[in-house]
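Colleague: take this sequence and fold it.
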Amino acid sequence: MSFDVSSLKYDQAGLIPAIVQDAASGVVLMMAYMNREAVAKTLATGETWFWSRSRQEFWHKGETSGNVQKVREILYDCDRDSLVVKVEQKGAACHEGYFTCFHYRVEQDGNVTVVGEKMFDPDQVYGRKQRG
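Modeller: The predicted structure is shown next:
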């Protein structure tokens, strides 16, 4: 069976959510959006590409930081409207310097705990304007 990127169901803006997961540990690293071209670029290069809604441009994960994601597997759900992208993460996935973007844990008492340790200083990598 051959895969066609147009067979996925994109939203009104032409986007599909992509949950990125560490292939080895199963840790959810981040959630971002892809459009048809980003899915095609990801398949063609074997590294993740996304569509930045805020900047309205493509971004190759790790282009600035060097923390690239090597794609190991892409799955889509039964409705064809969301993706799970399993990757081999080099360094940190989060632009704040953490391995995963999901490093804020809400405690039962309503307080927030930061989980994990910073792997890099975002100011040194991105300058004052932090990018993902």
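
Colleague: could you pull out the helices in the protein for me?
Modeller: 36-45, 122-126 (DSSP state H).

Colleague: can you pull the contacts of residue 97?
Modeller: Neighbouring residues of residue 97 by Cβ atoms under 8 Å, 6 or more residues apart in numbering: 118, 119, 120, 121, 122, 125. All C-beta atoms are positioned from the backbone trio N, CA, C, and that covers glycine.

Colleague: okay, the helices of the chain, which one's buried deepest?
Modeller: helix 36-45 (a mean of 17; mean count of other Cβ atoms under 10 Å).

Colleague: what sits against residue 37?
Modeller: Contacts for residue 37 were tallied using Cβ under 8 Å, 6+ apart; they are 49, 51, 58.

Colleague: list buried residues within these.
Modeller: Among the contacts of residue 37, those scoring as buried are 49, 51 (criterion: 16 or more other Cβ atoms under 10 Å).

Colleague: nearest to residue 72, of the contacts of residue 37?
Modeller: The shortest distance between residue 72 and any of the contacts of residue 37, using Cβ to Cβ, involves residue 49 and amounts to 15.5 Å.

Colleague: if that closest one is in a bridge, with which residues?
Modeller: Here residue 49 shows beta-bridge partners residue 60, assigned using DSSP bridges.

Colleague: and it, what's its pLDDT?
Modeller: Turning to residue 49, the model gives it a pLDDT of 98.

Colleague: relative to residue 100, how far out is the closest residue to residue 36 other than its chain neighbours?
Modeller: On the basis of Cβ to Cβ, 6 or more residues apart in numbering, the spatially nearest residue to residue 36 that is not a chain neighbour turns out to be residue 5, at 5.0 Å. In this structure, residue 5 lies at 27 Å from residue 100, with Cβ to Cβ, to the nearest Å as the measure.
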